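Student: Sharing a model prediction with you, sequence too.
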Amino acid sequence: MSEIRQSIFVLHTKEENHEETTTFALTSEEAKLLFETLQNKRKEIIDAHIDNMLT
């Protein structure tokens with residue numbers, strides 16, 4: 001089985017009257033780092049939301 005050397009990241013933004021799609025080519029290392037960063041930020045937001053609900 002071959003190793004993935006490049007990933008494609010597609011960012012789709014939709015606002016009231018504006019839609020935009022941007023595509024990035026990422027190396028495997030960049031894709032892993034981006035995923036980990038997004039997961040960590042998501043966890044921070046969820047934890048803060050739970051803290052606010054409990055106080």
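Tutor: Received, thanks.

Student: avg pLDDT for the helix or strand harbouring Glu20?
Tutor: Glu20 is part of strand 18-27, with elements assigned from DSSP states H and E. Taken as a whole, strand 18-27 carries a mean pLDDT of 94.

Student: Which residues does it contact?
Tutor: Arg5, Gln6, Ser7, Ile8, Phe9, Val10, Leu11, His12, Thr13, Lys14, Leu34 (CB atoms under 8 Å, 6 or more residues apart in numbering). Using the backbone N, CA and C atoms, a C-beta is placed for each residue, glycine as well.

Student: Alpha carbons of it, as CSV, please.
Tutor: Coordinates of each C-alpha in strand 18-27 appear next as CSV, following Å, rounded to 0.1, in the frame of the first residue of the first chain:
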residue,chain,number,x,y,z
HIS,A,18,-21.5,35.4,-0.9
GLU,A,19,-20.2,31.9,-1.5
GLU,A,20,-16.6,31.0,-2.0
THR,A,21,-14.6,27.8,-2.4
THR,A,22,-10.9,27.7,-1.9
THR,A,23,-8.7,24.7,-2.5
PHE,A,24,-5.3,24.1,-1.0
ALA,A,25,-2.8,21.3,-1.7
LEU,A,26,-1.1,20.2,1.5
THR,A,27,1.7,17.8,2.2
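
Student: Name the residues of it that are buried.
Tutor: Residues of strand 18-27 classed as buried: none (neighbour count, 16 or more other CB atoms under 10 Å).

Student: For the next helix or strand after that strand, what is the distance to the chain centroid?
Tutor: Sequence-wise, the next helix or strand downstream of strand 18-27 (DSSP H and E) is helix 28-54. Chain-centre distance of helix 28-54: 9 Å, with CA atoms, centre = their mean, to the nearest Å.
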